[in-house]
Every structure is written in structure tokens, then in C-alpha cells.
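J.: The sequence and its predicted three-dimensional model are supplied below.
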Amino acid sequence: MLGEDELIGLFGDVEGCIQASGIDLKLDKLYRQVGSASLIDDVKLLPDVEEVEGDV
């Protein structure tokens with residue numbers, strides 16, 4: 001879990017959107033991971049994702 005200071009360090013360009021409880025940014029789309037992934041060693045296997053539809 002990242003605190004407010006860590007979030008500001010990572011996303012300083014949107015510092016005005018960062019709150020103590022997290023980041024308040026509008027999302028255009030939301031995706032759910034439906035496949036396995038691996039970032040071990042030099043092999044990067046990105047997961048399959050699908051767009052979440054309906055009210056979130």
C-alpha cells in the first residue's frame with residue numbers, strides 16, 4: 001500500500017488529484033485480468049485482459 005507521499009513521488013504531475021485516501025482520477029475504461037502473467041527474469045508474459053462492461 002502506498003501512502004500519500006509515495007503517490008506524490010510517483011505521480012507528481014497530478015499532485016492536485018492525490019488525496020490521503022488515494023488518487024481521484026476519472027477512468028475511461030476498466031479491465032479485468034483473465035490470464036496468468038509473469039515478469040520473472042527476462043521473460044515478460046503480459047496477461048490477457050477483458051474490458052469490464054456495465055456499471056462499476
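T.: That came through, no problem.

J.: lowest confidence element among the helices and strands of this protein?
T.: strand 22-23 (a mean of 64; mean pLDDT, DSSP states H and E).

J.: and the helix or strand following it, what's its mean pLDDT?
T.: Heading C-terminal from strand 22-23, the first helix or strand you meet, by DSSP states H and E, is strand 31-33. Mean per-residue pLDDT for strand 31-33: 90.

J.: Which other helices and strands does the very next helix or strand once past strand 31-33 contact?
T.: Note on strand 31-33: by DSSP H and E, the next helix or strand toward the C-terminus is strand 49-51. For strand 49-51, the packing partners by 3 or more Cβ pairs under 8 Å, 6 or more residues apart in numbering; DSSP states H and E come out as strand 31-33. C-beta: built from backbone N, CA, C; applies to glycine.

J.: what's the strand it packs on in contact with?
T.: Identification of contacts with strand 31-33 by Cβ atoms under 8 Å, 6 or more residues apart in numbering yields 47, 48, 49, 50, 51, 52.

J.: Just the pLDDT for the second one.
T.: When you say that, I think you mean residue 48. On the pLDDT scale, residue 48 gets 89.

J.: Identify the residues contacting the closest residue to it other than its chain neighbours.
T.: Leaving aside its sequence neighbours, residue 48 sits nearest to residue 35 (Cβ to Cβ, 6 or more residues apart in numbering; 3.3 Å). Residue 35 makes contacts with 47, 48, 49, as judged by Cβ under 8 Å, 6+ apart.

J.: now residue 20: how far from residue 12?
T.: 16 Å (Cβ to Cβ, to the nearest Å).

J.: Any stretches of this protein with poor pLDDT?
T.: For the chain, the stretches with pLDDT under 70 are 1, 22-25, 55-56.
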